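Student: Generate coordinates for the sequence data below:
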Amino acid sequence: MKSDITVLKDSRTPVPTVLGQRSARIPTAGKIRAGIKVLTRRAQDNAHARDIYQRGIEEGRGFDDIERALAQALPDLQHPLVPKNVPYFTVRGADFPNPETARQMLDLYGEDRGDGVRRLYRFPVVFPADVWQAVMPHDLVCWGAGEKKFWSEYAADGRTRLCKCYAPVPQDRTSRKPIRIFGGRRTQLRAENSGMCDPELCPEYQARKCNLSGRFIFYVPGIRSCDAFELPTNSLYSMTRAIEKFEALAFLRGGRISGFLDAKRTPFYISKVEREVPHIDEQGRSVRTKVWLIEMEAPIDVAALLNVGDGEIVREADAAAMTFEAPPSAGAAEDREPSARDHFEPEANTEHAGTTVTAAAAPMTGGGIEEVEAILGVVDAFGMDRGRFEAFAQKRWGAGWKRNAGGRSRVLAVLEGCEDAAALAAEVDGALGAASEA
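Tutor: Here you go, the predicted structure:
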């Protein structure tokens with residue numbers, strides 16, 4: 001029996017609250033690691049260090065805990081662990097609030113590839129937002145004593161990269177004590193380099209103290225959790241390839257990367273592949289090294305995805321198509337199959353042989369008007385101009401997006417998943433600028 005789900009949408013502008021004026025973030029609980037840490041050669045020569053390391057591995061402790069135990073027991077042993085690139089992911093109970101979650105993941109998706117150990121080599125994921133910047137946040141970051149010291153952040157124009165740091169805590173003029181700060185510590189531009197993030201001129205980056213840091217945020221089908229999971233990575237190549245996949249799938253799915261990929265409930269898969277990547281050695285020469293990189297797979301039939309969308313969207317788009325297409329002949333109407341191009345790119349084909357397309361449009365129903373007003377209310381909340389956003393939406397989703405329930409859902413999903421209004425405004429400006437120049 002199919003259950004009907006009713007989605008109620010509030011068309012009111014979001015009300016400001018004391019704790020609501022901040023960027024939306026997806027809560028996470030638990031980490032899947034991309035690799036492991038092993039003892040350095042010096043640490044391997046120490047029998048006590050080997051015992052502590054092996055005991056920590058057998059108990060399922062995290063590598064950070066093992067490193068702290070080594071530092072406490074052997075204070076003279078500096079940096080006893082080093083990362084090691086391996087073809088599998090690490091799932092340890094210490095990395096989850098509920099250690100049972102790690103066991104469930106290994107039971108569901110773990111594999112024994114002949115060495116007698118069950119490991120996580122490949123697993124399905126579902127992303128919770130349609131904006132790839134929200135599900136793969138990343139920046140350049142320099143860590144100090146237990147906290148971020150410097151980090152990169154983009155300005156409102158979406159192009160200028162800034163170097164930020166925490167501002168000094170103000171002191172009370174009378175007591176000379178630090179004042180209580182509400183809402184978290186303030187940030188400011190770094191004094192050096194006029195607050196600009198320029199890795200080639202940054203002493204921390206050149207000393208390898210500041211590095212690219214990112215993470216994938218997702219849900220794992222079959223694992224019950226209100227919070228998402230994360231997979232940290234520092235690999236430029238892994239993140240670059242993931243962006244390419246995100247953008248390609250979003251283009252094919254009308255801007256969507258969240259949820260399952262098709263009606264068959266096909267998820268993304270995350271695995272590892274061994275590739276040769278270039279890097280600059282100490283002599284300044286380009287050399288290639290084989291490494292295991294995080295790879296994102298989308299095992300779907302792209303041809304089917306291009307021609308057949310969600311059934312409900314196709315049915316609604318058939319009705320909406322009458323608002324911008326002249327009626328075809330009876331024979332053509334029977335033979336012609338709807339396509340994604342017909343519903344989402346009407347401006348790309350405005351003339352037919354022997355037919356003139358009219359601009360007549362059927363009026364929207366009350367529900368459609370309310371949905372459009374809800375979308376424009378979010379646009380207002382972002383501080384953007386309605387007219388410019390409507391022009392951008394028409395360019396991206398087609399002239400009939402307002403009258404197509406599927407089109408309205410796509411636009412609203414993009415807005416609701418956006419955590420950076422400035423970046424969205426920059427995207428709108430870029431798209432309209434490119435259109436005007438063309």
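Student: What does the residue most central in space within the chain show for phi and psi?
Tutor: Geometric centre of the chain, nearest residue: residue 135, 1.9 Å, by C-alpha atoms, centre = their mean. Backbone dihedrals for residue 135, given as degrees, to the nearest 10, come out at phi -100, psi -10.
Student: Wait, it touches residue 125, no?
Tutor: No. Assessed by C-beta atoms under 8 Å, residue 135 is found out of contact with residue 125, at 9.4 Å. C-beta coordinates here come from the backbone N, C-alpha and C atoms, glycine included.
Student: Now do the shared contacts for these two.
Tutor: Common neighbours of residue 135 and residue 125 are listed as 216, 218 (criterion: C-beta atoms under 8 Å, 6 or more residues apart in numbering).
Student: Counting neighbours, which bits of stretch 183-193 end up buried?
Tutor: Neighbour counts over stretch 183-193 (16 or more other C-beta atoms under 10 Å) mark 189, 190 as buried.
Student: So what's the gap between that stretch and the chain middle?
Tutor: Offset of stretch 183-193 from its chain centre (C-alpha atoms, centre = their mean, to the nearest Å): 25 Å.
Student: Okay, now it: how far is its last residue from its first?
Tutor: End-to-end span of stretch 183-193 (C-alpha to C-alpha, to the nearest Å): 28 Å.
Student: Also stretch 141-160?
Tutor: End-to-end span of stretch 141-160 (C-alpha to C-alpha): 16 Å.
Student: Same check on stretch 119-128?
Tutor: 25 Å.
Student: pLDDT score for residue 129?
Tutor: On pLDDT, residue 129 comes in at 91.
Student: That one against residue 255, yeah?
Tutor: No. Assessed by C-beta under 8 Å, residue 129 is found out of contact with residue 255, at 11.4 Å.
Student: So those two - more neighbours on which side?
Tutor: residue 129 (23 against 20; other C-beta atoms under 10 Å).
Student: Distance check, the more buried one against residue 258.
Tutor: Distance, residue 129 to residue 258, by C-beta to C-beta, to the nearest Å: 6 Å.
Student: which residues do those two both contact?
Tutor: 135, 417.
Student: residue contacts, residue 105?
Tutor: By C-beta under 8 Å, 6+ apart, residue 105 lies in contact with 32, 91, 120, 123, 220, 223.
Student: how about the second one, what does it touch?
Tutor: Under the criterion of C-beta under 8 Å, 6+ apart, the contact list for residue 91 reads 32, 33, 102, 105, 106, 110, 120.
Student: quick one: which of those sit in strands?
Tutor: Counting by DSSP state E, none of the members of the contacts of residue 91 fall within strands.
Student: quick one: contacts for the nearest residue to residue 53 once chain neighbours are set aside?
Tutor: Counting by C-beta to C-beta, 6 or more residues apart in numbering, residue 39 is the residue found nearest to residue 53 once chain neighbours are left out, at 5.5 Å. Listed by C-beta under 8 Å, 6+ apart, the contact set of residue 39 reads 49, 50, 53, 80, 81, 82.
Student: again, only using 7 Å
Tutor: Going by C-beta atoms under 7 Å, 6 or more residues apart in numbering, residue 39 touches 49, 50, 53, 80, 81.
Student: Could you chop this structure up by domain?
Tutor: 25-35+85-128+219-307, 132-218, 311-437 (automatic domain parsing).
Student: Determine how far the first one lies from the middle of the whole chain.
Tutor: Relative to the mean C-alpha coordinate of its chain, domain 25-35+85-128+219-307 is positioned 12 Å out (C-alpha atoms, centre = their mean).
Student: helix, strand or coil for residue 401?
Tutor: When classified by DSSP: H, G, I helix; E, B strand; the rest coil, residue 401 comes out as coil.
Student: Isn't it up against residue 411?
Tutor: Yes. When contacts are counted by C-beta atoms under 7 Å, residue 401 is listed as touching residue 411 (6.1 Å).
Student: Between the two, which contacts overlap?
Tutor: With C-beta under 7 Å, 6+ apart, residue 401 and residue 411 have common neighbours residue 393.
Student: how about stretch 406-415 as CSV, C-alpha atoms only?
Tutor: The C-alpha trace of stretch 406-415 is given here as CSV (Å, rounded to 0.1, in the frame of the first residue of the first chain):
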residue,chain,number,x,y,z
GLY,A,406,8.4,20.1,-10.7
GLY,A,407,10.2,23.3,-11.7
ARG,A,408,9.0,25.1,-8.6
SER,A,409,10.2,22.3,-6.4
ARG,A,410,13.6,22.3,-8.1
VAL,A,411,14.1,26.1,-7.5
LEU,A,412,12.8,25.9,-3.9
ALA,A,413,15.1,22.9,-3.2
VAL,A,414,18.1,24.9,-4.4
LEU,A,415,17.3,27.9,-2.2
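Student: I'd like the mean pLDDT over stretch 68-76, please.
Tutor: Here the average pLDDT along stretch 68-76 is 90.
Student: Would you mind listing the buried residues in it?
Tutor: Those would be 69, 70, for stretch 68-76 by 16+ other C-beta under 10 Å.
Student: just how off-centre is that stretch within its chain?
Tutor: Using C-alpha atoms, centre = their mean, the offset of stretch 68-76 from its chain centre is 37 Å.
Student: same thing with stretch 157-177?
Tutor: The answer for stretch 157-177 is 28 Å, by C-alpha atoms, centre = their mean.
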